[in-house]
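S.K.: next comes the sequence, and after it the predicted model I'd like to discuss.
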Amino acid sequence: MNEHHTRALHFRSLHVPGEPLVLVNAWDAASARIVAAAGARAVATTSAGVAWSRGVPDGDALGRETAVDVVRRVAAAVPLPVTADIESGYGDTADEVTETVAAVLAAGAVGVNVEDARHDGGAPLRPVEEQSARLAAVRSAADRAGIPLYVNARVDTFLRGVGGIAETVRRAEAYLAAGADGIFVPGVVDPDTVAALAAAIPAPLNVLVGPGAPPVAALAKLGVARVSLGSSVAEAAYAVARRAAEEAFTAGTYGAVADALDYGTLNELMRR
């Protein structure tokens, strides 16, 4: 059993309902090392943060090669399991999604997020049958590579406002049958709804958090197995850049960067 396989098994073991895996999503090697140094058990990428840092909007606008290159750099930067947000798979067909997963595995990832949202101006979500076929392709690619890839199927019913608990559970069950290991339901942090989803979905539940969401301990009591900060950390970092620019261009002062990590700390972090 090689290190990649061992790391994948370890990552799978971190998904325990009631003892959530907390993921502070990174978008480059430096943010990944900062998160790892703070005590992370695993590192996840954020597709939005990655896309913005590469000059394109989030929502399947990033090319596969660029996305995979970031995964490779993050995986090389940290001695931890890395799970990659691959949006809807960077491909129009199931075969193209297979190519993406093979490349992400070769880059060192041990997990992927695959969403069922669409960004082509059509229906908000892919039909269940179509998304199930894409997830089956993901699982098949991982099996061929011999890596127990953790497939986190994202269900965007709440995020897109096109379904409640029943539709979310229906999609979750279909995606699990197609080969998914866990279910990610962004857009909901209401305790009653989260508890209902955790009870109804027969797999580890992942929720997306940010300011105003229940703390990790409260989500643990609801049965959540994975907590992700998603794009919020990248958003906060870019907010600092905007505040610094506005302050410098108006007041001519520099208070917005007063709490920055110092040059030496960051530089030393990147030497490790």
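M.R.: Looks like it arrived, so ask away.

S.K.: tell me, what's the model's pLDDT at Asp92?
M.R.: At Asp92, the pLDDT value in this model is 93.

S.K.: ok, now the one 10 residues further on?
M.R.: Looking at Ala102, its pLDDT stands at 98.

S.K.: ok, and the closest non-adjacent residue to it?
M.R.: Sequence neighbours aside, Ala141 is the residue nearest to Ala102 in space, at 5.1 Å (criterion: Cβ to Cβ, 6 or more residues apart in numbering). (C-beta placed from N, C-alpha, C; glycine too.)

S.K.: quick one: Arg170 is in a helix?
M.R.: Yes - counting by DSSP: H, G, I helix; E, B strand; the rest coil, Arg170 is found in a helix.

S.K.: for it, which non-adjacent residue is spatially closest?
M.R.: Val128 (7.3 Å).

S.K.: what residues are up against that neighbour?
M.R.: Applying Cβ atoms under 8 Å, 6 or more residues apart in numbering to Val128 gives the contacts 170-171, 174.

S.K.: Val257: neighbour count?
M.R.: 12 (other Cβ atoms under 10 Å).

S.K.: list the contacts for it?
M.R.: Applying Cβ under 8 Å, 6+ apart to Val257 gives the contacts 240, 244.

S.K.: gap between it and Ala248?
M.R.: 9 Å (Cβ to Cβ, to the nearest Å).

S.K.: buried ones in stretch 209-228?
M.R.: 209, 213-214, 219-220, 222-228 (16 or more other Cβ atoms under 10 Å).

S.K.: again with stretch 19-33
M.R.: Going by neighbour count (16+ other Cβ under 10 Å), the buried part of stretch 19-33 is 20-33.

S.K.: kindly export it (C-alpha atoms) in CSV.
M.R.: Extracted as CSV, the C-alpha positions of stretch 19-33 are listed here (Å, rounded to 0.1, in the frame of the first residue of the first chain):
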residue,chain,number,x,y,z
GLU,A,19,-17.1,14.6,15.4
PRO,A,20,-16.9,16.9,12.3
LEU,A,21,-13.9,17.2,10.1
VAL,A,22,-13.4,21.0,9.9
LEU,A,23,-12.0,22.3,6.6
VAL,A,24,-10.7,25.8,6.2
ASN,A,25,-10.6,25.9,2.4
ALA,A,26,-7.4,27.0,0.7
TRP,A,27,-6.8,28.4,-2.8
ASP,A,28,-3.0,28.2,-3.2
ALA,A,29,0.1,26.7,-1.6
ALA,A,30,0.6,29.5,0.8
SER,A,31,-3.0,29.4,2.2
ALA,A,32,-2.8,25.6,2.4
ARG,A,33,0.4,25.9,4.5
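
S.K.: how far does it sit from its chain's centre?
M.R.: Stretch 19-33 has its C-alpha centroid displaced from the chain centroid by 9 Å (Cα atoms, centre = their mean, to the nearest Å).
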